[in-house]
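Participant: Predicted model and sequence follow; I will ask about them next.
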Amino acid sequence: MDPLSPPLPTEARLDASRDLDARSTREVLELLHAQDRVAVDAVAPALGQLAALVDLAAERFRRGGRIHYFGAGTSGRLAVLDAAELLPTFDLEPGRIVAHIAGGDEGIVRAVENAEDSHAEGAEAASDVASGDVAIGLTASGTTPYVRAALEAARARSAATAIVTSNPHSPLAALADVEIVTDTGAEVVTGSTRLKAGTAAKLVLNGFSTALMVAVGRTWSNLMVSVVATNRKLRERSVRILCEATGSDPAPAESLLRDADGEVKTAIVMSFADVPADEARRRLRAAGGSVREAMRA
């Protein structure tokens with residue numbers, strides 16, 4: 001049997017948790033909570049690179065480019081979650097931000113044998129990446145073959161590439177235009193990267209997608225003006241947002257929303273510019289969907 005290679009940073013043992021199974025439940029939870037703070041702090045040094053990735057992605061997104069996430073296991077599931085939640089929150093058109101997970105749909109709910117080790121599946125997942133797109137590989141260990149193959153295929157198509165990893169010495173960094181490292185170190189349960197590494201990756205995805213949506217005009221002030229009201233809670237939220245934006249009372253805000261066919265951004269421009277819905281929509285289209293730019297014009 002060949003000797004084992006040195007452990008990756010995410011596979012090392014955490015000295016502080018060597019007596020984990022001898023601790024009380026409260027002590028286990030306190031240790032997990034303390035280590036969660038490590039994950040939060042690990043994101044801060046990467047904010048400069050994350051900002052660079054947002055700016056790069058925003059430029060391409062405005063020109064019609066798409067954002068692709070590639071990941072396996074926890075990383076892939078976090079990517080799927082982030083992409084799915086952007087549609088109703090920011091009225092994002094399907095297909096603009098796409099999450100690819102090793103093992104396909106089955107990989108979302110269970111481990112698919114050998115999927116993360118499949119170069120062929122990674123390359124196939126990236127087969128529709130175009131030159132104006134951005135491909136982001138998410139891999140806690142920094143070594144996932146599925147992610148490697150996806151980034152290689154994306155680079156071959158002249159797409160911009162990035163990697164999000166908890167391995168400061170990831171060999172996949174050479175495939176990335178932007179490298180985002182969250183050095184979370186060893187896990188409380190050795191190798192369980194759904195813990196600190198997963199928490200850090202979730203924070204990076206939250207920051208990336210939210211800042212991207214702000215950059216491309218999907219918010220106004222700090223209001224969720226692109227929300228798609230698909231249920232009662234979101235319809236009530238739309239009214240509250242319009243009240244906050246315009247200083248209106250609920251009844252006239254509801255009337256204005258009806259005239260705008262429920263489109264909060266359209267209703268805001270109608271209110272401030274004193275124009276009908278069609279003109280408000282025309283101004284929004286000319287401004288790339290940005291309420292601020294539409295009202296400035």
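Facilitator: Okay, I see it.
Participant: how about the strands in this structure?
Facilitator: 67-71, 97-101, 134-138, 160-165, 178-181 (DSSP state E).
Participant: Point out the most buried one among these.
Facilitator: strand 134-138 (a mean of 30; mean count of other Cβ atoms under 10 Å). All C-beta atoms are positioned from the backbone trio N, CA, C, and that covers glycine.
Participant: just the angle between that strand and strand 97-101, please?
Facilitator: Per axes from the mean of the first three to the mean of the last three Cα atoms, to 10 degrees, the angle that strand 134-138 makes with strand 97-101 is 40 degrees.
Participant: Which of the strands of the chain sits closest to Val275?
Facilitator: strand 97-101 (31.2 Å; Cβ to Cβ).
Participant: Output the contacting helices and strands for the closest one.
Facilitator: Here strand 97-101 touches strand 67-71, helix 73-90, going by 3 or more Cβ pairs under 8 Å, 6 or more residues apart in numbering; DSSP states H and E.
Participant: So what touches the first one?
Facilitator: If you take Cβ atoms under 8 Å, 6 or more residues apart in numbering as the criterion, strand 67-71 is touched by 57, 61, 76-80, 82-83, 96-102, 122, 125-126, 129, 133-139, 144, 146-147, 150-151, 154, 159, 205, 212.
Participant: for the protein, which residue is closest to the average position?
Facilitator: For the chain, the residue sitting closest to the mean C-alpha position, by Cα atoms, centre = their mean, is Leu205 at 3.3 Å.
Participant: pretty sure that residue is touching Leu78, no?
Facilitator: Yes - contact criterion Cβ atoms under 8 Å: Leu205 and Leu78 qualify, at 6.0 Å.
Participant: Show me the common contact partners of those two, please.
Facilitator: Joint contacts of Leu205 and Leu78 (Cβ under 8 Å, 6+ apart) are Leu138.
Participant: Take the strands of the chain and lay them out in JSON lines including mean pLDDT and distance to Met295.
Facilitator: Formatted as JSON lines, the strands of the chain follow (pLDDT from 0 to 100; distance: least, Cβ to Cβ, whole Å):
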{"stretch": "strand 67-71", "mean pLDDT": "98", "distance to Met295": "27"}
{"stretch": "strand 97-101", "mean pLDDT": "98", "distance to Met295": "27"}
{"stretch": "strand 134-138", "mean pLDDT": "98", "distance to Met295": "29"}
{"stretch": "strand 160-165", "mean pLDDT": "98", "distance to Met295": "32"}
{"stretch": "strand 178-181", "mean pLDDT": "98", "distance to Met295": "33"}
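Participant: Out of the helices and strands packed on strand 97-101, flag the one nearest Ser5.
Facilitator: helix 73-90 (19.9 Å).
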